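>>> Predicted coordinates and the sequence they were generated for:
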Amino acid sequence: MTLDSAVFRFAGIVVLVSALLSIYVHPWWIGLTIFAGLNMLQASFTGFCPAAMIFKKLGVSPGNAFD
């Protein structure tokens, strides 16, 4: 698994879990979905992604999008 696929998988999990939490627990959980979306948007412009930095420190092999 590369760094890119790890980041995309993690973002997908966060979006899906927060959407389910907003449906079944409390509507304010949608804020986590919004945060994840905004983070993905800014990462597409800046290349800065905190999750990528964490996965890199955990030893995930580099990909193409996040150096």
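Yep, it's here. Numbering: from 1, shown residues only.
>>> ok, now which ones touch the closest residue to residue 3 other than its chain neighbours?
In space, and not counting its chain neighbours, residue 3 is closest to residue 63: 4.2 Å by C-beta to C-beta, 6 or more residues apart in numbering. Just so you know, the C-beta spots here come from the backbone N, C-alpha and C atoms, and that holds for glycine as well. For residue 63, the residues meeting the contact criterion (C-beta atoms under 8 Å, 6 or more residues apart in numbering) are 2-5.
>>> Report the buried members of these.
The neighbour-count test (16 or more other C-beta atoms under 10 Å) marks 3-4 as buried among the contacts of residue 63.
>>> quick one: which two of the contacts of residue 63 are the most distant?
Across the contacts of residue 63, no pair lies farther apart than 3 and 5, at 7.6 Å, counting by C-beta to C-beta.
>>> State the helix or strand in which the most centrally placed residue in the chain lies.
What sits nearest the mean C-alpha location of the chain, by C-alpha atoms, centre = their mean, is residue 11, with 2.8 Å. Element membership of residue 11, judged by DSSP states H and E, is helix 3-24.
>>> Flag the shaky bits of this structure, pLDDT-wise.
Across the chain, the stretches falling below the confidence threshold (pLDDT under 70) are 66-67.
>>> ok, 50 please
Screening the chain residue by residue with the criterion pLDDT under 50, one finds no matching range.
>>> Nearest residue to residue 18 in space, please, no chain neighbours.
Closest residue to residue 18 in three dimensions, ignoring its sequence neighbours and counting by C-beta to C-beta, 6+ apart: residue 32, at 3.7 Å.
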